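**Student:** Sequence first, then the predicted structure:
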Amino acid sequence: MGQALGHAQVWPIVALVAFVLASLATRAARWQVMFQPKRHVPYNPLFGTLAISYMASTFLPLRAGELVRAVFLGQRERIPVPRVVGTILVEKLFDFLAIGVILGLLVVITPLPASARVAGVSIASVILIGFAFIVMLAIWREPTLALVGLVERYLPFGIGARFNLQAAVRHFAEGTDALRDPRLWLLLLGWTLVTWLCSLGSTVAGTLALGIQPGLPALLFLIVLTSTGQAVPSSPGYVGVYHAAAVLALTAFGVDAATALGIALITHAFSYGSLVIVGLIALWTGGYTFGDVLKGVRSRSNVAAAPVSVEI
């Protein structure tokens, strides 16, 4: 493996970094759409906050960067944190939709074991259920909120009233406003397509860095496994989780384990390394400190509140 890494090619690595940064830019553009039509949030704060969140998740466990993202943007743009959380959930659902489409394409172009097909059906089912819930929350909002109010009233120990559950869900529901406008659906789907094409580009570049061309099915399987693994809160920067998923995906298509691990190491290091650098720049230009990042993580108790009360 050491010899393989020593012969890594430079230009594919440059392309890998370029695709990763392009994906960051398109994700910020898609996030901007999610606040419409009621509010226009400037692009620069979205890009900077997103970069900081990825940087934070590289160092902190359990995807803590997502909480930092909600608190930072909420404070900076005076947006209720639950509404920001709502947009993040919609974002994740669109990403899972992309994973489901990739998995479906993979099933069409190459035969998969029965266990993989069962997993594919399970993932697709979860995606459909999640989308159905979010769409219902967007379209039939008042009946849903009335149901939440009923649940809040009967929760034991006054938990619902203590956390003001109905108000929190109302703000959260505002994060789904974009799903009420067909035009915005097209924008969200368009940006999602571009984002995941960038993901495919970075994956191709990562394999070409070691001179490997495993074919489209292997690349798609690699994207599905690594993306699904990263969707679950785990170690900081998904160290170990990403590498295990990548090795499993590539060896299933005939790549030897040492080369597969080399590809995983290169792709992970340069992907997250570039995100850390951009995140640090955003942290500095935004006037934040690492203490502010940790303060945002500790502000989980404020996520249910309508206004953001954390001083950053």
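**Tutor:** In hand now; what should we look at? Numbering: from 1, shown residues only.
**Student:** Closest to the centroid, which residue in the chain?
**Tutor:** Most central in the chain under Cα atoms, centre = their mean is K92, positioned 5.5 Å from the mean C-alpha point.
**Student:** For it, give its distance to F131.
**Tutor:** When Cβ to Cβ, to the nearest Å is the yardstick, K92 and F131 sit 11 Å from each other. The C-beta positions use only the backbone N, C-alpha and C, and glycine is treated the same way.
**Student:** Next: R183.
**Tutor:** Distance, R183 to F131, using Cβ to Cβ: 19 Å.
**Student:** These two: which is more packed in?
**Tutor:** Taking neighbours as other Cβ atoms under 10 Å, R183 and F131 compare with F131 leading, 17 against 11.
**Student:** Find the nearest non-adjacent residue to the more buried one, please.
**Tutor:** Nearest residue to F131, sequence neighbours excluded (Cβ to Cβ, 6 or more residues apart in numbering): L93, at 5.8 Å.
**Student:** So which elements touch the helix or strand hosting that neighbour?
**Tutor:** Element membership for L93, per DSSP states H and E: helix 81-109. Applying 3 or more Cβ pairs under 8 Å, 6 or more residues apart in numbering; DSSP states H and E, one finds that helix 81-109 contacts helix 10-33, helix 64-77, helix 114-139, helix 165-174, helix 182-208, helix 216-231.
**Student:** rerun that using 10 Å as the cut-off
**Tutor:** helix 10-33, helix 43-59, helix 64-77, helix 114-139, helix 165-174, helix 182-208, helix 216-231 (3 or more Cβ pairs under 10 Å, 6 or more residues apart in numbering; DSSP states H and E).
**Student:** In this structure P236 contacts A56, no?
**Tutor:** Yes. The criterion here is Cβ atoms under 10 Å, and P236 meets it with A56 at 9.3 Å.
**Student:** what's the burial count for the closest residue to V194 other than its chain neighbours?
**Tutor:** Distances taken as Cβ to Cβ, 6+ apart place T26 nearest to V194, at 4.9 Å, with adjacent residues excluded. Counted with other Cβ under 10 Å, the neighbours of T26 add up to 19.
**Student:** Next, the contact list for T26, please.
**Tutor:** Contact analysis of T26 by Cβ atoms under 10 Å, 6 or more residues apart in numbering lists G190, W191, T192, L193, V194, T195, W196, L197, C198.
**Student:** Buried among those? Make that a PyMOL selection.
**Tutor:** For anyone working in PyMOL, the buried entries among these, judged by 16 or more other Cβ atoms under 10 Å, can be selected with:
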select buried, resi 191+192+194+195+196+198
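**Student:** how about low-confidence regions in the chain?
**Tutor:** 1-7, 112-117, 119-120, 123-124, 157-158, 160-163, 233-234, 296-312 (pLDDT under 70).
**Student:** Mind checking what secondary structure F35 has?
**Tutor:** coil (DSSP: H, G, I helix; E, B strand; the rest coil).
**Student:** Not counting residues beside it along the chain, what's closest to it?
**Tutor:** Per Cβ to Cβ, 6+ apart, closest to F35 is V41, 4.7 Å.
**Student:** before we move on, what about D177?
**Tutor:** In space, and not counting its chain neighbours, D177 is closest to K38: 5.7 Å by Cβ to Cβ, 6+ apart.
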